[in-house]
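S.K.: dropping the sequence and predicted coords here.
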Amino acid sequence: MEKVIAIQRHRRSWRAILVLALFPAYGAAATGNATQTLSAQINAIGKLSVPANSTVTSAGTTFTGYSGSLTVSYRARTTATTGSGSLTVKASADFSPAGGPSVAAGQLTYTCGAATLGTACSGMQTASTTSQTNIATIGSDACTGGGGSCSTANPNTVQTSLALANSPAYKTGTYSATLTFTISAI
Amino acid sequence: MKQRRNRIAFTASLLLCGSMCSGIAQVAPGPPKSRVVARAANSPLAGPPAATSLASVTASPSTISFTATDPDLGSVAGSSASTVSWTTSGGSSGSTWNLKVQAGAASFTNCASVPTSAVTATCSSVTGGSSGACSAAITLSTSGQQVATGHEANGGSQPYSVKMNFTLADSWAYIAKTSPACTLTLTYTVTAP
């Protein structure tokens, strides 16, 4: 009789060990995965701004030329490897009223300071009423404020120094012309 | 004879352990395997609830597109909402499921200038189970981040779905790229106890 009881106790202890061994499997979490792709198309773009008005003045009274400066602020991003961009200017309206200086006559010129993105124009440029003239060119892989191959400056800037001829043939008065600045990026 | 019966019962228990310990619960492309888990509710040795089986975890559509045309606009919405769906079997209303998302890289492929953190994921709705709740909007990263949580539904083949929207913060600091497009792979992970 005593021998039988001992066997039953032995069986109970086996059961206890078996149950404990099973518990970790019950507690394991199920996981399932799925994937999805995000696709982005980043288009090239450029934007610029210039002061609404810029005045050129003459320092002397002996018909020295008029001068002034104008800063072009811009942002741009161009396409990797194949992209490019440009900043240009064109006189969309010549000086008025008549009797004063003339862009069409090649009397408005400018030079460029350093550009914070791209390469500024080199040497004296003559503004035109019929065609765009260069202020800066931008290469591929360019962007504003990104560092690396991009500029850290934001916005980017390039300063232009304007020069307008002076002549005793001009009638006295105030003359104004309209310059249109254009940025392109591809 | 009685001793032999006991030995058979013990061996059967070990086989049960072999299947449960290694199988746990897995996502299977085919129909989920049925499984019987016996639990002695009144036994002082009763353990935690049986594991839930997950199946058919999918994310739709397979690709969500962004077209970034002007950084001054701020952000760009994805081409469509994303829906992550799955089913559970053997779930318990006392158990909680979690959905996490993580990106495969710190920046978009083909576009190193576009960081993964430019993407914001916003859960908009949860269906299935009970007490489903969206987490706050997250900026994507390479670490798993919780998107939604909820309680499981009892029983077999219970459907769940979480709807999400994505936005991409556009920036002048990105280099333009249209072909091949910039891509980022997301992995959703559903966890159920």
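M.R.: Nice, thanks for sending it over.

S.K.: my guess is residue A:80 contacts residue A:143. True?
M.R.: No: the pair residue A:80 and residue A:143 does not pass the contact test of C-beta atoms under 8 Å, sitting 9.9 Å apart. Yep, even glycine has a C-beta here, placed from its N, CA and C like the rest.

S.K.: okay, now the unreliable bits of chain A?
M.R.: Residues of chain A that meet the criterion pLDDT under 70 lie in A:1-28.

S.K.: what about the strands in it?
M.R.: Secondary structure of chain A (DSSP state E): strands located at A:30-42, A:45-49, A:57-58, A:66-77, A:85-96, A:108-115, A:119-120, A:125-126, A:133-138, A:156-164, A:176-185.

S.K.: mind checking these for the one nearest to residue B:135?
M.R.: Across the strands of chain A, residue B:135 has its closest neighbour in strand A:30-42 (17.6 Å, C-beta to C-beta).

S.K.: quick one: the closest one to strand A:66-77, angle?
M.R.: 150 degrees (axes from the mean of the first three to the mean of the last three C-alpha atoms, to 10 degrees).

S.K.: pull out the buried residues from strand A:30-42.
M.R.: A:30-32, A:34, A:36-42 (16 or more other C-beta atoms under 10 Å in any protein chain shown).

S.K.: and what of stretch B:63-74?
M.R.: Buried, per 16+ other C-beta under 10 Å, within stretch B:63-74: B:64-68, B:71.

S.K.: could you do stretch A:131-150 as well?
M.R.: By neighbour count on 16+ other C-beta under 10 Å, the buried set for stretch A:131-150 is A:132, A:135-136, A:138, A:140-146, A:150.

S.K.: now the two most distant members of those residues.
M.R.: Farthest-apart pair in the buried residues of stretch A:131-150 is A:132 and A:146; separation 27.0 Å (C-beta to C-beta).

S.K.: how close does the spatially closest residue to residue A:178 that is not a sequence neighbour get to residue B:117?
M.R.: Closest residue to residue A:178 apart from its sequence neighbours, by C-beta to C-beta, 6 or more residues apart in numbering or on different chains: residue A:93 at 4.1 Å. Taking C-beta to C-beta, to the nearest Å as the measure, residue A:93 falls 47 Å from residue B:117.

S.K.: got it, and residue A:149?
M.R.: 20 Å.

S.K.: check contacts around the residue nearest to residue A:164 when sequence neighbours are not counted.
M.R.: Of all residues not flanking residue A:164 in the chain, residue A:66 sits nearest, at 4.0 Å (C-beta to C-beta, 6+ apart). By C-beta atoms under 8 Å, 6 or more residues apart in numbering or on different chains, residue A:66 lies in contact with A:56-58, A:101, A:162-166.

S.K.: higher neighbour count, residue A:93 and residue B:117?
M.R.: residue B:117 (15 against 12; other C-beta atoms under 10 Å in any protein chain shown).

S.K.: beta partners for the spatially closest residue to that one that is not a sequence neighbour?
M.R.: Leaving aside its chain neighbours, residue B:117 sits nearest to residue B:139 (4.8 Å; criterion: C-beta to C-beta, 6+ apart). Beta-bridge pairing for residue B:139 (DSSP bridges): residue B:120.

S.K.: what sits against residue B:139?
M.R.: Applying C-beta under 8 Å, 6+ apart to residue B:139 gives the contacts B:117-121.

S.K.: how many other residues sit next to residue 58?
M.R.: In the absence of a named chain, this looks at chain A. By the criterion of other C-beta under 10 Å, residue A:58 has 13 neighbours.

S.K.: please go with chain B instead
M.R.: Quick note: residue B:58 (other C-beta under 10 Å) scores 16 neighbours.

S.K.: sec struct for it, please.
M.R.: What DSSP: H, G, I helix; E, B strand; the rest coil gives for residue B:58 is strand.

S.K.: from what I can see it touches residue B:159, true?
M.R.: No: the criterion here is C-beta under 8 Å, and residue B:58 misses it with residue B:159 at 11.2 Å.

S.K.: how near is the closest residue to residue A:177 other than its chain neighbours to chain B?
M.R.: Nearest non-adjacent residue to residue A:177, counting by C-beta to C-beta, 6+ apart: residue A:95, 4.5 Å away. Distance of residue A:95 to chain B, given as C-beta to the nearest C-beta, to the nearest Å: 34 Å.

S.K.: quick check, residue A:95 in contact with residue A:101.
M.R.: Yes: between residue A:95 and residue A:101 a contact is recorded at 5.1 Å, counting by C-beta under 8 Å.

S.K.: overlap in contacts of these two?
M.R.: Counting by C-beta under 8 Å, 6+ apart, the residues touching both residue A:95 and residue A:101 are residue A:175.

S.K.: which strands and helices sit next to the longest strand seen in chain B?
M.R.: Counting residues, the longest strand in chain B under DSSP E turns out to be strand B:177-192. Strand B:177-192 sits against strand A:30-42, strand B:53-60, strand B:82-89, strand B:96-103, strand B:107-108, strand B:111-115, with contacts defined as 3 or more C-beta pairs under 8 Å, 6 or more residues apart in numbering or on different chains; DSSP states H and E.

S.K.: got those as CSV, with distance to residue A:75 columns?
M.R.: Formatted as CSV, these follow (distance: least, C-beta to C-beta, whole Å):
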stretch, distance to residue A:75
strand A:30-42, 14
strand B:53-60, 35
strand B:82-89, 31
strand B:96-103, 27
strand B:107-108, 21
strand B:111-115, 14
